[in-house]
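# next comes the sequence, and after it the predicted model I'd like to discuss.
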Amino acid sequence: MASNTYVTVDDIRLYILDRSIEDNADWDKDLSFSDEEIMAAMERAAREYNSLPPYTSSARADCLPKDTNIFYDAIVQQLYIAEINRLSRNDIDFDAGGVTTSIEAKRIDHLRRLTAEHGERFREAARALKLHQNWMDGFGKIG
């Protein structure tokens, strides 16, 4: 297979629009996620896929196919889970002019919703693919 058939760090950056400071102006960051964080999320996404029954196929982080959004959603879900964990450690209420607020709470809520959406998309598509593969392994092509 040609290398352009596998998910890359740049593919994920484009999928979540995390390419430059223009994409993240509200966060005062050049990039939300480092290449290392994306590659680690790719590892976790492959493990997540491999953990789903039926256990008919396995994935490796260095060659996740990009012919569907299955691994895009799995990788993004893993990125957001890690970001929620990081933000939660720093989620401390503070008093500003008599109003108690938490800067991180809104981001955490937003990321939890996105994590659930990407996770559901991933699991639904991955299970369907694995069931199809299981069927094909058991019965082969019919017709």
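Here it is on my side, so go on. Numbering: from 1, shown residues only.
# strands of the chain, start to end?
Using DSSP state E, the strands of the chain run over 94-96, 99-101.
# roughly how far does R89 sit from F33?
17 Å (Cβ to Cβ, to the nearest Å). Every residue, glycine included, has its C-beta placed from N, CA and C.
# now swap in I84 and tell me
Taking Cβ to Cβ as the measure, I84 and F33 are separated by 13 Å.
# that older thread, which of R89 and F33 has more residues huddled nearby?
The residue with more neighbours, out of R89 and F33, is F33; 22 against 9, by other Cβ atoms under 10 Å.
# tell me who's in contact with that one.
By Cβ atoms under 8 Å, 6 or more residues apart in numbering, the contact list for F33 reads R13, D18, A41, L79, E83.
# now, which of the residues you listed sits nearest P65?
A41 (16.3 Å; Cβ to Cβ).
# please name the nearest non-neighbouring residue to that closest one.
What sits nearest to A41 in space, not counting adjacent residues and going by Cβ to Cβ, 6 or more residues apart in numbering, is Q78, at 3.9 Å.
# for burial, what's the neighbour tally of the one you found?
Per other Cβ under 10 Å, the neighbour tally for Q78 reads 25.
# surely it meets I38?
No. Using Cβ atoms under 8 Å, Q78 is not in contact with I38; the gap is 9.2 Å.
# quick one, helices of this structure?
Secondary structure of the chain (DSSP state H): helices at 9-16, 35-51, 70-89, 103-139.
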